[in-house]
Structure formats: structure tokens, C-alpha cells
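My questions concern the predicted model and sequence given below.
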Amino acid sequence: MDDLLVKINNFKTEIKDFVAQNSDDAEAFRIKYLGTKGLVKDVMGEMKNVAVDKKREFGQVMNEFKLFAEARYEELKAATSTATSAAIDEADLSLPADTLPLGSRHPISLVRNRIVAIFQRLGFAVAEGPEIEDDWHNFTALNLPANHPARDMQDTFYINQNPDWLLRTHTSSVQVREMQKGKLPIRIICPGRVYRNETISARAHCFFHQVEGLYIAENVSFADLKQTLYFFVQEMFGKEVKVRFRPSYFPFTEPSAEMDISCLICGGTGCNVCKHTGWVEILGCGMAHPNLLENCGIDSNKYTGFAFGMGVERITMLKYQIKDLRLFSENDVRFLKQFTSAV
Amino acid sequence: MTISYNWLSEYLPEKLEPEKLSKILTSIGLEVETLEKYEETKGGLEGLVIGEVLECAKHPDADKLCLTKVDIGTGEPLQIVCGAPNVAVGQKVVVATVGATIYPFSGEPMTMKKAKIRGSESFGMICAEDEIGLSSNHAGILVLPADTKVGMPAAAYFGTYNDFIYEIGLTPNRMDAMSHLGVAKDVCAYLSHHNKKETHVKSPFKNTFKADNQNLPIEVTIENEVACERYTGVSIQGVTITESPKWMQQKLKSIGLRPINNIVDITNFILHETGQPLHAFDADMITGKKIIVKNLPEGTPFLTLDDKERKLSAEDLVICNAEEGMCIAGVYGGARSGVTAASNNIFLESAWFNPISIRKTSFRHGLRTDAATRFEKGVDISNTVNVLKRAAVMIKEIAGGEISSDIIDIYPEPKKKTEVAIKYHYLKKLSGKNYHGDTIKNILTGLGFEIIKEGQDDLRVAVPFSKPDISIPADLVEEIMRIDGLDNVEIPAIISIAPAVETLMEEAAFKEKVATYLIGTGFNEIFTNSITNAAYYNESVLETTVKMINSLSAGLNVLRPQMMETGLESVAYNLNRRNSDLQFFEFGKTYSTYGVGKYQEKQHISIYITGKKSADGWKAKGEKADFYFAKAICEKITSLLGLAINNYALEQNEKLDSCVQVKVKSEIVATIGAVNKKALEMFDIKQPVFYVDIDWDKMITLAKTLKISYAEISKFPAVQRDLSIVVDKSLKYEQVEKATYGAKVNKLTAMNLFDVFESEKLGAGKKSMAVSFTFLDEEKTMTDKDIDGMMNKIITAYEKELQAEIRK
Ligand SMILES: [Zn+2]
């Protein structure tokens, strides 16, 4: 039995002096001592030869030997491991974080995307079209024949006369193009850039962005229009927002209306933003004018439809209380960075 | 359009509060943009009272000031310091008490405070006329008659005129509401419907017209019956031109019109009461006592009211006397024929001119007068006589004289009213609301429609002449809906739609992905004006550039043919504000033309990089962005779209140094470069700017053709080997790449350049490049021997093709 004790002590010295250069050596150690055919197991095997009255004592010795080998293996493994944990100098964790840059989306993109997403939820599909348009698609088809006084409402950039080519003054031209395709029903939204020949100021710019919508099917009513737009403003501005529809005029809709929402700033009690009316205008809308439908080859006896249009800049200005349109195209980083966290 | 509350109320049978009326107006489509209190004298003289000067002594410490005691009827006289030389005991004066705000004739308003002037307390101010806005008179304090009652509010003494003014955003289809009476009619239609009680306007038209004599007959002939469908006139002799009465001046002033004289004021008053423009001629200037409505030969000179000589077009309609033109019909008067202070006899015109003809003439001469804008929208042709009679009676009452002719009314072809039929089920289909037949009838008759025929499910009505814009059933739907109120259309609870299939989903998703990546990398998205300055581009670019022919601003005259310049404007804008580290991207379009009707719009992403990639930190200084950073961004975007760049081609570029074109499948998808000095100077930029222009249309087309299918991940590990070579300094990395791939080592999956340097040791004209290679065999674990074999192939190729020396 003493033989065994000597043997164990020798192994212990061997184990203690074992040198591992790398993880392969550590692994070799494990196989040699702790493996299924390892020495520890061998030594344990001797137990059967130990006298019964010594079994308890030897059991303890052997167990201690096994733990000793295992502990040494953990040591070797840790020492040779190539895995590195972060060595943090814990002296001052309040030092600033690394200067990772972070950019921002332009507020017009954010609001445009939000508007589009809301209408997509209602089954509208996006349609796009050219910014350079002919007179017919931008005016005539939309029930705005030559010399119509309402053409004054939209100061137009012309790029050619006779035939007239111009920069679209609204994305309604895209609706016309979709209607001409003759596939009904139509349920589209048309986001895009539009142009007006205006002197640039805080309130007016020569380019801006619109999202217009059109739904044409059988039996579409003004009540349906109200429902769609009410859904839109609730998603856009919150469930508490109140709406008001009032009669208005657009050549391509009849009846026409404008939708106001309760002022986001004062909640309806009156302030400078709402000119003390408690309401702010948000979009124009109406039922597709029979002339518009017929101009685009749609039977106005069978089909009815609604259309609406809004200015992305206007909604952005309301949402973020921006008072000068020029900020959108000046691209001052001090402006842009304010939208880093906007969604 | 400006509407006075007081004036409007005169035509309404019941009194409505200004706010209530405002709500009604907006709900029926006459949007009240602003509702403001109007005070003829600003501030309404509030807080100003009549006082009596009880004492007046020299100020102990100031020669030019007086110390007064003024009784304002409160029992306790006020001590007031006064600087006016004319102040004296016993005077009745206007006192601005402490707390009152005074509105001077010119200058800012001022609120009275208890003051100490040269050591003496002063409780208010004794006012001069100009100090309280009554006039520009500053000749000392205002002294009132001795019998003026002390303590009387100044407002009561001077009788200030107050009103509320509606600014109405009138839509172009509502010519019927371009007057106080027209608005009143609409309000009455609303009241009739909502109060369920027939309500009519208090009509100003009384049947009191009577010609006093026939001493001044004028013969009227219409030669152009298309441009003038009705011409009505009357002459009045012996008028006295003077100021108009106070009540009329107050009304005109309240809506922003300057009183001129009684005749002009009456025509203006009638215009804003009824919407019918009138023109008053000096009857003595009507040579031959003849009026001929006709066109004059092209180029006929005509001296207008503003003393300018204008050349008439053959299409301009002119009101002529026997010899010459007197007035551009419906647009602008002549210099010689109008009413002046010396006029004695007048001829008053009330006519109907063709809207299109008026519009053309008005624009042709740049004369956008009030009369023209009304005629071009269409005035009520049936009303010319009524209006003229009212005006004539009013002139006689106010300016004296005698009506010296009957009403002359030339109306060659009396117009028939337009008839429109509306089916009730159409009304329901379009509105989504079920209106009762009686409701429909009542609303329409309340608005002046005449019921022609009634059926089970339909109604035929004649449209009043005041509403020329109404011609189809949908127009009637609008009339009914707006009077009933759009807010009274119930919003359905259930939505039923025909949904559309989205076809642009993928492209939009790619855009979002790229945007999200760029933002995460530190880029700010910008939006720039696609209208820009032709001066940015050279002759050959301008050949295909889209140019505007009527731009209001000289610097904004073309659609951008290239993205770079408008973005550089934004870069410069920020650099000028001391923000020098910028990373911008824009999704935008460029435009070009290849002839009339042939226009091309292309989508781009443009990227601008200048200054540091990130800010200085305590561990490391921020690194300056360079060409290779721009190149990396371009590569990553390409990768996000699933595309592999197969070539960078050096390119001469007018505006970029170090310019390369990026090719995918031999198509140019992007351009990268450093903006050159000349281009930077154009924007006064003094630091390097790197620019990437991505052809989004092309990228997206290529990306769409790609399908992603999962490839089994190799069970065997990849092996990496490094190699250092010494080559000629001029050797390009792409040659190394070419040689590597030329060696045709098929287990080579990637190579990466990780070091480049030159040193004396290497020798002049030499450089060292260190490359790492990744090998992978899908079938088995590679042995050292396998790898050595492949490395040798590469080494051989390097030695042969690059004359490279292998560093051990
Ligand atoms: Zn408000």
C-alpha cells in the first residue's frame, strides 16, 4: 500500500512541475492524467487491491489526488488560453466613450416615410412619376384647361412653350398617369418632389414634397374619404387629435374639402401657430371630379373616387415646430443632428 | 377677401356674435383665416378720459415743464407733469391715466406708468392729438370745448368706430361670395337649414329709382357682343364732388380702402356690397354722347389713369366715345374720362364682360385690378340693373344732382339659366350620407336655385347667375354638403377597400438599408434644391441641361445635370459656420434633355466627405477622411445591394482629382474622387472634399436580378498565409491582384493587403507589400504541403509577372 502512496506522491510532483507552452500542451496533460485512459483513472483502479479497513483512508487520498490533477489542469488551461478578456484599466471608468460617429436622417425623409407607411397599412401602393411633365398631365387632365383662373394658384416653372413642358406643380400628374393605365380599382399614394415658381422665403420655396393619394372604385364616398384621413391623422399625430373638414376648392375634385386638425401646440385653445383659431390646415381632399375621371378614360357613372394631397414640409413643420422652410435645404448640421433620435 | 362684421350684419335678419359668425363662415367654405378687432383709432382710446386742469405751476426744477393738478372726475385730482407750452388752468383736456396704452399716430404704442420727472411725481399724461393717434397734429396738447364733461371716456367723446374684420380665404369658385351681400346670402342659407326656418337677407335693393329728367341721354352700342354681353348705364347731372359721409368712409376704411371722394367711394361701396364693379365717367368727356363698346386696332395708344401710355391689343375691349377710347373695359380707366374733383355730370356704367377676355387683357397689361379679378370670375349678369339703380339713388342722396336718363340697358341676347339635374342616389353615393328630399330642396332654394322639376329620385334646378361655376350634379352635391356641413357626414366604423399590391417595396427597402448604414457610419442625410445655377456647368453639360424659361431668380435657372454642386453648397454653408467635419449623403435626381419632350431623370446617391471621420478622443485623435474612406463607403453600399465590384477604372474628370469609375459587371455604377481645386473654389471651400456619386438606377437594376440562396458552410477550417514581396514602387495593387488570380489557385478564397511601405533598406524605387491569403477546401482539411504548393504557384506568378522579390 505504501507503494501506492509513493506513486501518488511522485505523480503529484510530476503534475506540479508540468510545463505547458500552449493549449496543446495543456490538452496533452489532460489526456495523460485525466483522460479515459489517464493515470488518475489508473490509480483509482488500484482501489480494488486496497485492504477493506484502509479503503476509507485511501479513498480520501485518491480523491484529493484527482482534485489536485483537475485543479492543475484548470491552471494550465487558463495560463495557455489564447482567449483574451478585456483588460480594463479600472482606475477611471468615467472617461468618455470612444468617439463613434452617428448620423441622422433628414426630417423630410422621416415624415415622408411615416406618411407612406400609414397609407400602406390601409392598402395603398406607392406610385411614382416624372417631375418634368407636359401641360396635359399637370393641368388639362386635372380639369384645369388653359386660361383657367385656378392656374394662377400655382406659379409654374416652364421649360418649354408650345408644346408646354413644365415642372410638375403637384404629384396629381402621377395619379393621371396611373388612371390612364386603365386598371381599376386604383388605390395609390404618390410621394414626390414638386415645384412652384415662387420667391424663396420662410413660408415659400421653389421646391417641396407632396404625398397625394387616390382611391377609385365603385361606390367610394366622401364618408370613406373622411374615414381614411381620420385614420391617417390619428396614426400621424396621436389618437387625441380632432379633425374638422371644411368646404374648399380644387379643380380636380368636387366636392372639395380641406382638413384641419386641432392645433398640436395649444390643443385648440388658440395660439400663434394656429393664428388663434385652434385649428391648423393639414391637407386638401375631395371626390374625384367627373371631368378628371372622363379625361383619363374612366366611366364616371360607374366609378367614384377620392383624392387627397398634403405637403410633407408642412406636416414636418407642424410635427417638429419648424418655422422656416429654408432650413430643410440649407442642411445646417446643427439642424440635421436634431433629428438623430427622430423616427 | 376682407369682410366687415358690422357691414355684413346689416344684411342679416338676426344678430350673430362675431365668433359664431366666424364658425359658420368657415363651415360653409368661406374660411376665416383671421378674425381681428378693428378700431378706427388704434387702441380705441381705452383708458383715456376727459379732465380739467385745476392748477398749473412752473416745475421747480425745469423751466419748460409745468406741474399740473387735473380733475378727471374721480374726486381726487391727479398730479401730472406737462411739457406742452399751451397748457393752462381751466382747460378741458384728454388725460391718459396710469395703465392706459396710447397708440401714437406714428411710432410704437406706449403704456402709461407712474413716473418721476425731475423729482416730481406724475400720474399720467395730458395728450396731444398725434400722441393718441387722432391725427398727425402735434401743436401742443389737445384742448376741448369748455362745456366738455369731466370724467367722460375719450372713446365716448370722440365716438370711435369699432368693428371685427374677417380675412376670408376665398376659393376661386366662390365668385358669388365676393361681396358682403353674397356672403350674407350664404349665411342665410346656412341659417335656414340649421334653424329649420326660412331666412332671407335684408336686401339693400329698394324700388325707389326714378329718373328726374331725360336731359343727358347717352347712346350705347355694343359692337363686340361676345366680350360684352350686357351693358347698363345711367347719367346723373349736377353732382357735387366732395368727401363721402363718415359712415361710408368708416366702412371702406375698415376693409382697407382709402376714401377718395363721394362718387368713387360710392362705386367702391357698391362693389363690396354687391360684387358688381361700376365705372363712373365724367359725362362731359363722352364726346358725341355716345358709348361704343368695341375693340380698337392693334397698337392704338391709350393713356390710362396712372398717366401711362399703353399700346392696346386688338383683343382688348375698350369703352369708347364717338372719337376715342375712354376705358379699358372692366380693367382700368382712362386718364381723361374719369371723375375728377371738377366733374359735374357723370355717367355710371354697370356691365358684364367676358371673363376670358378680361383675364387676357388684365394679364397683358399687368393690370390686376379689383374690377378685373371680379369680371374674370364672372359677375351676376342678371343684377346689373338693380345695382345701377341702387348706385344712382345713392349718388343723388349723397352727392346731389338729378338722375338725367332712364336706365340704359343693352342686353342683346338675354342669358338662360343653366339647368342641372341631381339624382338623390348619386348624392348618397358621392357623399356617403342619406339626405332627405326636403332637405335637398330647402338647401338649394335657400342658395337661390330655382326648382324646375321634381321626380321620385331626382331634382332639376336652374342655377342662379351668381354661381357660374356650377354646371354638373357633383357641383350640387358640394352645395348641399357644404351647407349641411362636412362634419355632419358620419365616419363609418368599418373600412372596406380594394387593396393594391405594392411594387416598389424592394427598391424602398434597399434605400432604407443604405440610409440606415450610412447613418450608422456617421452620415447626415441632406436634401438639396434640384433647381440650381447654370453658371456651375460648362457649355457641353449645358447642351443637355433642362432650363427653365421663366424663373423668378437668376441663380435658379436649370434643373441640376449633376448632383455634386448642390451638395457642395451645403458643405460650404456648414464650413462657413465652422463645422468642418462633414459626412453627407443625398438621394436625389439629375435631369437632362435630348430635345423637346425628351427628358431623362436619373436617381443618385451622392456622398460628401470632408474633415475627420470621427472626433478627437482621449485614446486617439480623430482620423482624417481620405479617398480610401470614400472608396470603402462605396464598396459597402455596393455590398449592401449584393453586388461585387469587378473594376476600378481611372478616369479624367472635369471636377474630380483621383477620379475612379466603379464597375459592376462592366457597368459603371459609381464615381469616386476628390473635388478638385477649381470646383472647390467655386464654393469658396478651402479644405479637401471627397465625393462619391452612385448611379442608383443602375445599382438597383443590377441588385434586383440577384437571388440569395443559402450555401452550405464548409466543415473544414480555412487557412491563412502571409507573404511579403518587394516590387517596383510604381507597381499598382491591382496588378498584384491580377497576378494572384492569374495564378489560378482555385482554393484561394480571399486576399488582403495589410502593409505597404518604402525604406532605404529596400532600395530606391522599391516598396514592400504584405499580403495575406485565405485558402479553403470544401472537401478536406488542407495539409501544409497542399498550402505550400498553392503558395508556390502565387510566388512564381509574382516573380514572373511582377518581378517581385520574396521577403523571407
Ligand atoms: Zn394653437
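Noted; the coordinates are in hand.

Spell out the residue ranges of the strands in the stretch 151-300 of chain B.
For the stretch 151-300 of chain B, the strands defined by DSSP state E, counting those that start in this stretch occupy B:162-169, B:219-222, B:228-237, B:278-282, B:290-295.

Format those strands as TSV; extra columns: mean pLDDT, mean neighbour count and distance to the ion.
Placement of C-beta: from N, CA and C, glycine included. Shown next, in TSV, are those (pLDDT from 0 to 100; neighbours: other Cβ atoms under 10 Å in any protein chain shown; distance: least, Cβ to the ion, whole Å):
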stretch	mean pLDDT	mean neighbour count	distance to the ion
strand B:162-169	94	19	17
strand B:219-222	96	16	54
strand B:228-237	96	24	47
strand B:278-282	95	23	42
strand B:290-295	96	20	52
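
would TSV of these with distance to residue B:424 be doable?
Shown next, in TSV, are the strands of the stretch 151-300 of chain B (distance: least, Cβ to Cβ, whole Å):
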stretch	distance to residue B:424
strand B:162-169	32
strand B:219-222	43
strand B:228-237	35
strand B:278-282	42
strand B:290-295	45
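
Figure out which of those strands is closest to residue B:766.
Nearest to residue B:766, of all those, is strand B:162-169, at 78.4 Å by Cβ to Cβ.

Which neighbours in the sheet does that closest one have, and how are they oriented?
strand B:2-4 (antiparallel), strand B:31-39 (antiparallel) (DSSP bridges).

Restrict that strand to CA atoms and write it as CSV.
What follows is strand B:162-169, C-alpha atoms only, in CSV (Å, rounded to 0.1, in the frame of the first residue of the first chain):
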residue,chain,number,x,y,z
ASN,B,162,-65.1,99.6,-33.8
ASP,B,163,-65.7,96.5,-35.9
PHE,B,164,-64.5,93.0,-36.4
ILE,B,165,-62.8,92.1,-39.7
TYR,B,166,-62.8,88.7,-41.3
GLU,B,167,-60.0,87.8,-43.6
ILE,B,168,-61.6,85.2,-45.8
GLY,B,169,-59.5,82.8,-47.9
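
Report the separation between residue B:804 and residue B:55.
113 Å (Cβ to Cβ, to the nearest Å).

try residue B:299
77 Å.

higher neighbour count, the two?
Taking other Cβ atoms under 10 Å in any protein chain shown, residue B:299 and residue B:55 do not tie; residue B:55 has more neighbours (13 against 9).

wait, isn't that one in contact with residue B:68?
Yes. Counting by Cβ atoms under 8 Å, residue B:55 does reach residue B:68; the two are 6.1 Å apart.

neighbours around residue B:454, how many?
Applying other Cβ under 10 Å, we find 11 residues neighbouring residue B:454.

what's the distance between it and residue B:428?
Note on residue B:454: its distance to residue B:428, by Cβ to Cβ, is 17 Å.

per-residue pLDDT, the residue lying closest to residue B:198 once chain neighbours are set aside?
Distances taken as Cβ to Cβ, 6 or more residues apart in numbering or on different chains put residue B:192 closest to residue B:198, at 5.4 Å, once the chain neighbours are dropped. Here the pLDDT value assigned to residue B:192 is 96.

show me what contacts residue B:192?
By Cβ atoms under 8 Å, 6 or more residues apart in numbering or on different chains, the residues touching residue B:192 are B:198, B:199, B:442, B:443, B:446.

Please repeat the previous calculation with a cut-off of 10 Å.
B:198, B:199, B:200, B:442, B:443, B:445, B:446, B:447, B:483 (Cβ atoms under 10 Å, 6 or more residues apart in numbering or on different chains).

measure it to chain A for me?
To chain A, residue B:192 is 17 Å away according to Cβ to the nearest Cβ, to the nearest Å.

do residue B:48 as well
Counting by Cβ to the nearest Cβ, the separation of residue B:48 from chain A is 27 Å.

Count the neighbours of that residue for me.
Residue B:48, neighbours per other Cβ under 10 Å, totals 27.

The closest residue to it other than its chain neighbours: neighbouring residues, count only.
What sits nearest to residue B:48 in space, not counting adjacent residues and going by Cβ to Cβ, 6+ apart, is residue B:154, at 3.7 Å. Per other Cβ under 10 Å, the neighbour tally for residue B:154 reads 25.

My guess is residue B:154 contacts residue B:133. True?
No. Using Cβ atoms under 10 Å, residue B:154 makes no contact with residue B:133, being 11.1 Å away.

list the contacts for the residue of the stretch 651-800 of chain B at minimum distance from chain A?
Nearest residue of the stretch 651-800 of chain B to chain A: residue B:697, at 12.2 Å (Cβ to the nearest Cβ). Under the criterion of Cβ under 10 Å, 6+ apart, the contact list for residue B:697 reads B:507, B:589, B:601, B:602, B:603, B:604, B:669.

Distance check, it against the ion.
Using Cβ to the ion, to the nearest Å, residue B:697 is found at 44 Å from the ion.

That residue in helix, strand or coil?
Secondary structure for residue B:697, judged by DSSP: H, G, I helix; E, B strand; the rest coil, is helix.

For residue B:125, name its beta-bridge partners.
When assigned by DSSP bridges, residue B:125 has beta-bridge partners residue B:96.

Oh, that last question was meant for residue B:234, not what I typed.
residue B:348.

Please name the residues that touch it.
Residues in contact with residue B:234, defined by Cβ under 10 Å, 6+ apart, are B:209, B:211, B:216, B:218, B:346-350, B:385, B:388-389, B:391-392, B:395, B:403-409.

What of residue B:537?
By Cβ under 10 Å, 6+ apart, the contact set of residue B:537 is B:543, B:544, B:545, B:558, B:560, B:561, B:562, B:565, B:654, B:655.

How about residue B:419?
B:449, B:450, B:452, B:453, B:460, B:461, B:462, B:463, B:471.

List just the nearest of the residues you listed to chain A.
Lowest distance from chain A to the contacts of residue B:419 (Cβ to the nearest Cβ) belongs to residue B:471, with 9.9 Å.

per-residue confidence at that closest one?
The model's pLDDT for residue B:471 equals 94.

what about the residue in the stretch 151-300 of chain A that chain B sits nearest to, how many residues close to it?
Closest approach between the stretch 151-300 of chain A and chain B, counting by Cβ to the nearest Cβ: residue A:223, at 2.6 Å. Neighbours of residue A:223 under the rule other Cβ under 10 Å: 18.

One more: residue B:346?
Using other Cβ under 10 Å, the number of residues around residue B:346 comes to 28.

What residues are bridge-paired with the residue most central in space within chain B?
For chain B, the residue nearest the mean C-alpha position is residue B:169 (13.0 Å; Cα atoms, centre = their mean). Beta bridges link residue B:169 to residue B:31, judged by DSSP bridges.
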